[in-house]
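Engineer: Pasting the sequence and the predicted coordinates here, then a few questions.
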Amino acid sequence: MNSTNIKRRDFLQSTSVAVAAGCAIHSAGALIAEPIASLTPTAVPDALKGRLWKTLKIGMVNVPGSLTDKFKAAKAAGFDGIELNAPGFKIEEVTKAIDESGLPVDGTVNSSHWDVRHTDPDAGVRAKALASLTAAIRDTHAVGGHSVLLVIGHGKDGKEDEIWKRSIENISKAVPVAAQFGVQIVLENVWNNFLYDHEGDHRQNAAKYVKYVDELNSPWVGMQFDIGNHWKYGSMGDWIRQLGKRVYKLDIKGYNRAENKWARISEGDIDYADVRKALIEVNFYGWCAAEVGAGDAAELKRISEEMDLVFGLK
């Protein structure tokens, strides 16, 4: 790993919040490598071709020009869709970009969920979090998307039982809107000191995430499970098996547990063979979003090829 620090949408090792207003990746992670020859996908067991479609965060597309140009660049790199930040985009501009590029918006990331949290002890802040989430649902529907990624909140907002109750009550109020517009609320597992032990080791499981999603008790709420985020804390194949039908979408970034640092998607030591096996066992069909550092057209192609490689998409 070179001296470039991996930026990610979750929390840094110090657990301080890294938020960039208006950016789809409040801090996404991957290193920008020197230009190399194209990766060559090889046959892998439990390949996910025909089961998994590639998307990425809009903030990763570091190419000049209009939104249409960015959509075209993502499509040319091999992505099947793109995720935006919502609320915050212009519907007419996005619709034009979709029409002119042929690249759909498969979902969005709630643009204020780190700062305006459903776990906040202030009822006024929670009301703003709800308003942001419901606006994101409506805007996502308006451009043809089917999911809104949501970070529940942060453990610093109170004791686990307190923030659990607060956030369940608040997010539940958005479920009728999600149902009305046909847009799923997908919760991401992140480094936010909630539903896992931030100081714990790699032997943790997904039991609390299972219980949390089940308490919301709606087909419109599931997980956008981030494979890279919690490899540090447990077996991602086993977490997928535990979560089962609750996994609606995926996020991916690389991590090296042995060295305790972030890595490229195709590097590090994530057990992708077990991840692929687990996804087939739970009968997963859906989207996986790259959530790594921004790059130019060549870097986007490299990221797309890394996804092909680890998931067996070619």
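Structural biologist: Alright, I've got the coordinates. Numbers count the residues shown, from 1 in each chain.
Engineer: OK, contacts around the residue nearest the centre of the chain?
Structural biologist: Centroid check for the chain by Cα atoms, centre = their mean gives residue 251 as the closest residue, at 4.0 Å. Counting by Cβ atoms under 8 Å, 6 or more residues apart in numbering, residue 251 makes contact with 149, 188, 224, 225, 226, 227, 228, 229, 288, 289, 290, 291. In this view, the C-beta of every residue, glycine as well, is placed from N, C-alpha and C.
Engineer: Restricted to strands, list these.
Structural biologist: 149, 224, 225, 226, 288, 289, 290 (DSSP state E).
Engineer: Quick check: residue 114 touching residue 151?
Structural biologist: Yes - shown here, residue 114 and residue 151 form a contact pair, counting by Cβ atoms under 8 Å, at 6.2 Å.
Engineer: Beyond whichever helix or strand residue 237 is part of, next helix or strand please.
Structural biologist: Using DSSP states H and E, residue 237 falls within helix 236-243. Sequence-wise, the next helix or strand downstream of helix 236-243 (DSSP H and E) is strand 247-252.
Engineer: Pull up the pairing partners for that following strand, direction included.
Structural biologist: Note on strand 247-252: by DSSP bridges, its sheet partners are strand 221-226 (parallel), strand 286-290 (parallel).
Engineer: Quick one: neighbours of residue 297, just the number.
Structural biologist: Look at residue 297: counted by other Cβ atoms under 10 Å, it has 15 neighbours.
Engineer: Is the residue nearest to it when sequence neighbours are not counted in a helix, a strand, or coil?
Structural biologist: Distances taken as Cβ to Cβ, 6 or more residues apart in numbering place residue 73 nearest to residue 297, at 5.3 Å, with adjacent residues excluded. With DSSP: H, G, I helix; E, B strand; the rest coil as the basis, residue 73 sits in helix.
Engineer: Go ahead and confirm residue 73 touches residue 301.
Structural biologist: No - with contact defined as Cβ under 8 Å, residue 73 does not reach residue 301; the gap is 9.4 Å.
Engineer: My guess is residue 203 contacts residue 232. True?
Structural biologist: No - using Cβ under 8 Å, residue 203 is not in contact with residue 232; the gap is 11.2 Å.
Engineer: The two: who's more crowded?
Structural biologist: Neighbour comparison, residue 203 and residue 232: the larger count goes to residue 232, with 19 against 8 (by other Cβ under 10 Å).
Engineer: so the more buried one sits right up against residue 254, yeah?
Structural biologist: No - using Cβ under 8 Å, residue 232 is not in contact with residue 254, being 11.7 Å away.
Engineer: related to what we said a few turns ago, what two of the ones in strands among the contacts of residue 251 are the furthest from one another?
Structural biologist: The distance between the two most remote of these (Cβ to Cβ) is 14.1 Å, for 225 and 290.
Engineer: any chance of the contacts of residue 251 in a markdown table, plus distance to residue 213, pLDDT and neighbour count?
Structural biologist: Formatted as a markdown table, the contacts of residue 251 follow (distance: Cβ to Cβ, whole Å; pLDDT from 0 to 100; neighbours: other Cβ atoms under 10 Å):
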| residue | distance to residue 213 | pLDDT | neighbour count |
| --- | --- | --- | --- |
| 149 | 14 | 99 | 29 |
| 188 | 12 | 98 | 24 |
| 224 | 11 | 98 | 28 |
| 225 | 11 | 98 | 28 |
| 226 | 15 | 98 | 25 |
| 227 | 17 | 98 | 25 |
| 228 | 20 | 98 | 25 |
| 229 | 16 | 98 | 24 |
| 288 | 19 | 99 | 27 |
| 289 | 19 | 99 | 32 |
| 290 | 24 | 98 | 27 |
| 291 | 20 | 98 | 32 |
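Engineer: possible to save these as JSON lines with distance to residue 270?
Structural biologist: Shown next, in JSON lines, are the contacts of residue 251 (distance: Cβ to Cβ, whole Å):
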{"residue": "149", "distance to residue 270": "20"}
{"residue": "188", "distance to residue 270": "17"}
{"residue": "224", "distance to residue 270": "17"}
{"residue": "225", "distance to residue 270": "13"}
{"residue": "226", "distance to residue 270": "11"}
{"residue": "227", "distance to residue 270": "6"}
{"residue": "228", "distance to residue 270": "7"}
{"residue": "229", "distance to residue 270": "11"}
{"residue": "288", "distance to residue 270": "13"}
{"residue": "289", "distance to residue 270": "16"}
{"residue": "290", "distance to residue 270": "14"}
{"residue": "291", "distance to residue 270": "14"}
